[in-house]
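# when you get a sec, could you give me coordinates for this:
(2 chains)
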Amino acid sequence: MQDTLAHLKRGEKAIITDVSSIHIPLKLLEMGCLPGNAVKLLQLAPFKDPMYLNINGTHLAIRKETAIHIQIEKIEHE
Amino acid sequence: MSKQINVALIGNPNTGKTSVFNALTGLNQKVGNYPGITVEKKEGVCKLSRGIKAHIIDLPGTYSLNASSLDENVVIELLLNKNDKDFPDIAVVVSDVENLKRNLLLFTQIKDLEIPAILVINMSDRMHYKGISLDLDYLEEHLQTKIALISTRKNEGIDNLKNLISNYKDISVTPCIDPSEIDAEYFNNLQKAFPNQLIYKLWLVITQDVNFGKTNRKEIDAIASFKTKSKADLKRLQQKETIKRYQFINNVLKKGQTIDASQAKDLRSKLDRVLTHKIWGYLIFFVILLLMFQAVYDWATYPTDFIDESFAALADWVKNTLPPGVFTNLLAEGIIAGIGGIMVFIPPIAFLFLFISLLEESGYMSRVVFLMDNVMKRFGLSGKSVVPLISGNACAIPAIMATRNIESWKERLITILVTPFTTCSARLPVYVIIIALVIPEGDFIGFSYKSLTLMSLYIIGFLTAIISAYILNKVLKIKSKSFFVIEMPAYKIPLVKNVAITVVEKTKTFVFEAGKIILAISIVLWVLASYGPGEQFDNAEHIVKTEYKLLTDDALEDKIAAHKLENSYIGIIGKTIEPLIKPLGYDWKIGIGLVTSFAAREVFVGTLATIYSVGSANNAEDEDTIKNRMANETYKDGSKVFTFASGISLLLFYAFAMQCMSTLAIVKRETNSWKWPMLQLTVMSLFAYIVALIAFQFLK
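Okay, the predicted model is just below:
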């Protein structure tokens, strides 16, 4: 099963594999949320929503409901 | 010979664009509005070498040329319209050295419009903290531009930037990317249909949201016939375009920028670990809020009292010095009382904007949004509603304008509708004076009853806003996708210059905008109170003299003045509505205050000041402040007008009623319909009436 960004735990890193562009605002794509880019979960607010991420060097926060539309592949810890 | 060139400052939010603007223009700037919309327009003048003057526009911050808000749309409207008088001769794209990759996206878009663009890389002072080094020659060559590496914090590189601007003719206009590669067939057809137009410009026009205003696109209006692709298809193409842009940028940066991560000092993550922490984060936010309220109430009281007393003294002085007559009365009772009523706002507003601008400049505000989103979402609001709800404590007008970055229309509308419940500073003078009159002295674990009452009023306002949001969220049937994206900028020590300019500008705007209304109303009031129809007013002296034959001269004069006021135009208005407000515990004089308050709340104190100084002519010789005059106000039977019950009722009425024409006008503009402001006016005022009624009847 494919993981989505919503499955990421604090401190984990992943690579974005696909974004369903209908559900994702263009603004988020333009901030670097694109296939191939790296993402790291920095912090979660209470109830794990919203999520504070580092996507492609940009620090931003999105809601879980947006995160489930972003497919990822986790990078194993070295 | 002097020559003027147009310069547009463009850049992502949080890149220090405004600092660059302030560095270039100093205090040579003015803030206005774009015609017809409430987007702030900042322009300024900068003197360059060889007698060239640059007219600089600080455009709203935007992440790209694909507008998703009214503010961002201003940028596109200007860049697409060559006939606009502000169309830039040169665009200065401001970027932040830490976010160069993302910032360059906007840069490539502007280049593709074939507008000459200089790239400013700001915050160079942070490069060594982050282990970043740049090959400027390589970047200039491959981005086909000139680069100014600057630090507004250290004031470095500004002269170089000015130099580049004066030599704007040397900047290349070669585009970065050919958008037709993303769908060759579609773009070729498009170009064939409009051979004289730039392909990227056509593409932007096609993909812009139709909700936004359009100006001067006549030459490509026929493009409507070209909207053959579905929205989803267009978006897919936009995604392709974005990927292509990043490919270009990554290629350039691969050689042009090196980042040695081992050199990077990560202050951000250390601070974030505390400031966005599940417990500490909220605790710190709460303390900051407390500090802010303390400043607005406590610290601001001293200058406020001083201003209030000075104007009372000035009015007396004018009355005693100038020859008596209509003009002197108008000056002392109308104009000076009115201006005094405006000036008392300056200290609390300045303190509030000081705090808000510090929070925004430092990058902390985004953390608050992050912390609060989950809570706010449950009430149908967005984390971004926190900013308007906090700013609403200064003034609902900028607060409602600050809702523009909320992506979801429903969340935005709800925020707009409930923001006027938060305690704006216009309520503050009303609260302060009524509390001083009716709340007893004494304290509870070190906090005085008076300040606790004030604090409760703020809490009541905020809770009412939140609860109404919850109800609206259930009632309003609006389908809207709720997107939420917020950038978490790096922490920065606020620049004193930026904060100072914000505080001065905002206070000035508020004082002048609100001041105009207050002053006009003060004068109208004075006229209405000084003249009246019919016998009762004209023959007041005679009537009173026959009725009270045994009074001393002074007391007689008092009676005459009171009789005149009662029968003046304003007295008649007050008397007419008295039956309606009597159950709330108000007399007809307060009634007049209520009526004028529907123009703007802050008028209340000024109104009472005007009415009472007209009413009791003799007291003007004493050094009398508005407060003392109100405290001495009695009914005919000698009982006090301002009691605990009527005071609380009045406080609650002001907490809930929608009494601000300017707010209604802004809501109309922001929601593009009269439906919402009218809903606010009726529901809020009715609610205020009922609550005040219950409070008075219960406490009486």
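
# show me what from chain B comes close to chain A.
B:63-64, B:66, B:68, B:99, B:101-102, B:105, B:232, B:235-236, B:238-239, B:242-243, B:246, B:268-269, B:272-273, B:276, B:278, B:366, B:369-371, B:373-374, B:377, B:383, B:407, B:482-490 (C-beta under 8 Å from any C-beta of the partner chain). Glycine gets a C-beta too; all of them are placed from N, C-alpha and C.

# filter these down to the ones in strands?
B:Val485, B:Ile486, B:Glu487 (DSSP state E).

# which among the residues you listed count as buried?
Among these, those buried by neighbour count (16 or more other C-beta atoms under 10 Å in any protein chain shown) are B:Val485, B:Ile486, B:Glu487.

# nearest to B:Glu557, of the residues you listed?
B:Ile486 (64.5 Å; C-beta to C-beta).

# which residues does the closest one form beta bridges with?
A:Ala61 (DSSP bridges).

# list the contacts of it.
B:Ile486 makes contact with A:Leu60, A:Ala61, B:Ser366, B:Val369, B:Phe370, B:Gly383, B:Lys384 under the criterion C-beta atoms under 8 Å, 6 or more residues apart in numbering or on different chains.

# neighbour count added to the residues you listed, as CSV?
Shown next, in CSV, are the contacts of B:Ile486 (neighbours: other C-beta atoms under 10 Å in any protein chain shown):
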residue, neighbour count
A:Leu60, 24
A:Ala61, 26
B:Ser366, 26
B:Val369, 22
B:Phe370, 25
B:Gly383, 25
B:Lys384, 28
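
# can I get these in TSV including pLDDT and distance to B:Gly32?
Formatted as TSV, the contacts of B:Ile486 follow (pLDDT from 0 to 100; distance: C-beta to C-beta, whole Å):
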residue	pLDDT	distance to B:Gly32
A:Leu60	94	32
A:Ala61	95	33
B:Ser366	92	28
B:Val369	92	28
B:Phe370	95	33
B:Gly383	90	30
B:Lys384	88	25
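
# does B:Ile400 touch B:Arg669 like I think?
No. Taking contacts as C-beta atoms under 8 Å, B:Ile400 lies outside contact range of B:Arg669: 9.0 Å.

# more neighbours: which of those two?
When B:Ile400 and B:Arg669 are compared for neighbours, B:Ile400 comes out ahead with 25 against 16, by other C-beta atoms under 10 Å in any protein chain shown.

# report the secondary structure state of that one.
On the three-state scheme (DSSP: H, G, I helix; E, B strand; the rest coil), B:Ile400 is labelled helix.

# which residues touch it?
B:Pro388, B:Ile416, B:Thr419, B:Thr663, B:Ile666, B:Val667, B:Glu670 are the contacts of B:Ile400 under C-beta under 8 Å, 6+ apart.

# can you confirm the last one is in a helix?
Put plainly, it is B:Glu670. Yes. Assessed with three-state DSSP, B:Glu670 lies in a helix.

# by contact count, what packs against the strand or helix carrying B:Ile342?
B:Ile342 belongs to helix B:337-343 when assigned by DSSP states H and E. On a contact count with 3 or more C-beta pairs under 8 Å, 6 or more residues apart in numbering or on different chains; DSSP states H and E, helix B:337-343 meets helix B:300-321, helix B:496-530, helix B:603-615.

# same list, the ones you listed, but as JSON lines with mean neighbour count and mean pLDDT please.
Listed next are the helices and strands packed on helix B:337-343 as JSON lines, based on neighbours: other C-beta atoms under 10 Å in any protein chain shown; pLDDT from 0 to 100:
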{"stretch": "helix B:300-321", "mean neighbour count": "16", "mean pLDDT": "87"}
{"stretch": "helix B:496-530", "mean neighbour count": "18", "mean pLDDT": "80"}
{"stretch": "helix B:603-615", "mean neighbour count": "26", "mean pLDDT": "69"}
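
# need those in CSV (columns: distance to B:Arg153).
Shown next, in CSV, are the helices and strands packed on helix B:337-343 (distance: least, C-beta to C-beta, whole Å):
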stretch, distance to B:Arg153
helix B:300-321, 30
helix B:496-530, 10
helix B:603-615, 42
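
# and the gap between B:Lys42 and chain A?
Using C-beta to the nearest C-beta, to the nearest Å, we find B:Lys42 at a distance of 23 Å from chain A.

# quick one: contacts for that residue?
B:Thr18, B:Phe21, B:Gln29, B:Lys30, B:Val31, B:Ile57, B:Asp58.

# can you redo those residues as CSV with pLDDT, secondary structure and neighbour count?
Shown next, in CSV, are the contacts of B:Lys42 (pLDDT from 0 to 100; DSSP: H, G, I helix; E, B strand; the rest coil; neighbours: other C-beta atoms under 10 Å in any protein chain shown):
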residue, pLDDT, secondary structure, neighbour count
B:Thr18, 89, helix, 21
B:Phe21, 93, helix, 26
B:Gln29, 79, strand, 18
B:Lys30, 79, strand, 12
B:Val31, 75, strand, 15
B:Ile57, 94, strand, 19
B:Asp58, 93, strand, 26
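
# and the furthest pair within the residues you listed?
B:Thr18 and B:Lys30 (14.3 Å).

# and B:Asn251, how many residues sit next to it?
Using other C-beta under 10 Å, B:Asn251 has 11 neighbouring residues.

# residues of chain A that sit close to chain B?
Checking chain A against chain B by C-beta under 8 Å from any C-beta, the hits are A:19, A:21-22, A:25-32, A:34-35, A:42-43, A:45-47, A:49-50, A:52, A:56-63, A:65-66.

# ok, now with 6 Å
A:21-22, A:25-30, A:32, A:34, A:43, A:45-47, A:49-50, A:52, A:57-63 (C-beta under 6 Å from any C-beta of the partner chain).

# quick check: ChimeraX command selecting the buried ones in those.
A single ChimeraX command selects the buried members of the residues of chain A next to chain B (16+ other C-beta under 10 Å):
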select /A:21,25,26,27,28,29,30,32,34,43,45,49,50,52,58,59,60,61,62,63
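
# and B:Tyr168, what is it in contact with?
B:Asp89, B:Ile90 (C-beta atoms under 6 Å, 6 or more residues apart in numbering or on different chains).

# what about 10 Å?
When contacts are counted by C-beta atoms under 10 Å, 6 or more residues apart in numbering or on different chains, B:Tyr168 touches B:5-7, B:48, B:52, B:54, B:88-92, B:116-118, B:146.

# buried subset of these?
B:5-7, B:48, B:52, B:54, B:88-92, B:116-118, B:146.

# out of these, which is nearest to B:Leu463?
For the buried ones among the contacts of B:Tyr168, the closest approach to B:Leu463 (C-beta to C-beta) belongs to B:Val92, at 45.7 Å.

# now B:Thr552. Its backbone dihedrals?
Main-chain dihedrals, B:Thr552, degrees, to the nearest 10: phi -70, psi 170.

# returning to what we had before: centre of the chain to the helix holding B:Ile342, how far?
21 Å (C-alpha atoms, centre = their mean, to the nearest Å).

# how about the helices in chain A?
In chain A, the segments counted as helices under DSSP state H are A:26-30, A:64-67.

# the stretch 401-550 of chain B too?
Here the stretch 401-550 of chain B has its helices, by DSSP state H, counting those that start in this stretch, at B:409-418, B:427-438, B:449-475, B:496-530, B:534-538, B:540-547.

# A:Ile70: which of those is closest?
Using C-beta to C-beta, the nearest of these to A:Ile70 is helix B:409-418, at 21.2 Å.

# and the closest one, what does it pack against?
Judged by 3 or more C-beta pairs under 10 Å, 6 or more residues apart in numbering or on different chains; DSSP states H and E, helix B:409-418 is in contact with helix B:364-378, helix B:386-391, helix B:396-401, helix B:449-475, helix B:661-671, helix B:675-699.

# by how many degrees do it and helix B:661-671 diverge?
Computed by axes from the mean of the first three to the mean of the last three C-alpha atoms, to 10 degrees, the angle separating helix B:409-418 from helix B:661-671 equals 170 degrees.
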